[in-house]
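Colleague: give the three-dimensional model of this entry:
(2 chains)
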Amino acid sequence: MTIATPTRRERILDAITERLVAISIANGFRTDLGKVIVVGEIPRFGPDDPTQALAVLPREDQIGETLSNIPIIWPIDIGILLSAAVSKPWKTVEAGIHDVKRAMELEDRGLGGLLTGGRNNVEGMLRGTTESYPRVSGTDAVGALITYAFKYVEAWGNPAA
Amino acid sequence: MAPMLDAFGVSGTVTLEGEVPADVTVVWLPPTTEDLPVGAEFDRAGLIRVLAVSRDEVPQLPVGALVVAPEFADGPLKAWRVDGYVRGDSEHHRVTVVLDASATADLPDTE
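Modeller: Numbering: from 1, shown residues only, chains lettered A, B, ... in the order given. You can find the predicted model right below:
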């Protein structure tokens, strides 16, 4: 009996999570965002749920020509949710953005060989836009969304390759 | 509003910056639940607390004022910071408040 190999998509998501889980104050970051990470879901958190959390949200990919090896650019959003001090909420948002960028943007932009390069993307991983969500009167919640794009090649009929 | 203040109000104080605390009756209005932060896809449901205070007791209730009152009758005293204006009329103010944990810790009866 053979054990099915995880697809390249699964391994990319695992690699992203491995990087994000390092985010903790004990590890020298500014938040503890790495303690709660959800992947591919948007939980309905309430007042008694974690006040710091990350969501890894895969988006629709963009494909090149349908050859035997299909070039793919896969956008993945990293959602940040935090509780902020009422006086300077922007500092909390910026701390969260800082931590995600620092954790994600390591020297190895190819995620250990999972990604492929290109003319304008030598090592496979790109950062897209960053959007922040301000504190609303009467609340302490702030957030942000950072988009990354992951470029790789998937073999026709063999998504694990 | 006056009957509501009498029936459902809790005793508290309001302190404006640079002034001494004024005794007031605070009425907690039903909180609203919003998806927060607004605009984010990844969010959480959060309570926005709203209270009302008579204008007879405090003519002005600006953002930043400190309200000390229990959330319910016989509850522990907590400190709340006025964080936004909801609406008002000739008789009362309605404002959103957030818990001021630091000021609450300094209160004498928080046990």
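
Colleague: right, and B:D35 touches B:A45 too?
Modeller: Yes. Applying C-beta atoms under 8 Å, one finds B:D35 in contact with B:A45, separated by 6.2 Å. Yep, even glycine has a C-beta here, placed from its N, CA and C like the rest.

Colleague: please state the offset of the lengthiest strand in chain B from the chain centre?
Modeller: With secondary structure taken from DSSP state E, chain B has its longest strand at strand B:22-36. Relative to its parent chain, strand B:22-36 has a centroid offset of 5 Å by C-alpha atoms, centre = their mean, to the nearest Å.

Colleague: can you give me the end-to-end distance of stretch A:148-161?
Modeller: This stretch, stretch A:148-161, spans 22 Å end to end (C-alpha to C-alpha, to the nearest Å).

Colleague: what's that stretch in contact with?
Modeller: A:4-9, A:12, A:16, A:66-78, A:104, A:111, A:114-118, A:121, A:124-128 (C-beta atoms under 8 Å, 6 or more residues apart in numbering or on different chains).

Colleague: farthest residue from the center of chain B?
Modeller: B:E41 (28.9 Å; C-alpha atoms, centre = their mean).

Colleague: which residues of chain B lie near chain A?
Modeller: By the rule C-beta under 8 Å from any C-beta of the partner chain, the part of chain B lying against chain A is B:34, B:36-50, B:81, B:83-84, B:96-98, B:100.

Colleague: isn't the residue farthest from the centre of chain B right up against A:G79?
Modeller: Yes. In this structure, B:E41 is within contact of A:G79 by C-beta under 8 Å, at 6.5 Å.

Colleague: spit out the residues that contact those two alike.
Modeller: Joint contacts of B:E41 and A:G79 (C-beta under 8 Å, 6+ apart) are A:42, A:57, A:145.

Colleague: need the buried ones from those selected in ChimeraX.
Modeller: Restricted to buried positions by 16 or more other C-beta atoms under 10 Å in any protein chain shown, the ChimeraX selection for the shared contacts of B:E41 and A:G79 reads:
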select /A:57,145
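
Colleague: can I get the shared contacts of B:E41 and A:G79 in JSON lines including pLDDT?
Modeller: Shown next, in JSON lines, are the shared contacts of B:E41 and A:G79 (pLDDT from 0 to 100):
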{"residue": "A:I42", "pLDDT": "92"}
{"residue": "A:L57", "pLDDT": "97"}
{"residue": "A:L145", "pLDDT": "97"}
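
Colleague: closest to chain B among the shared contacts of B:E41 and A:G79?
Modeller: Chain B has its nearest neighbour among these in A:I42, at 5.7 Å by C-beta to the nearest C-beta.

Colleague: just checking, which of the contacts of stretch A:148-161 belong to helices?
Modeller: A:8-9, A:12, A:16, A:104 (DSSP state H).

Colleague: any of those buried? List them.
Modeller: Taking 16+ other C-beta under 10 Å as the criterion, what is buried in those is A:8-9, A:12, A:16, A:104.

Colleague: alright, that wraps it up for me.
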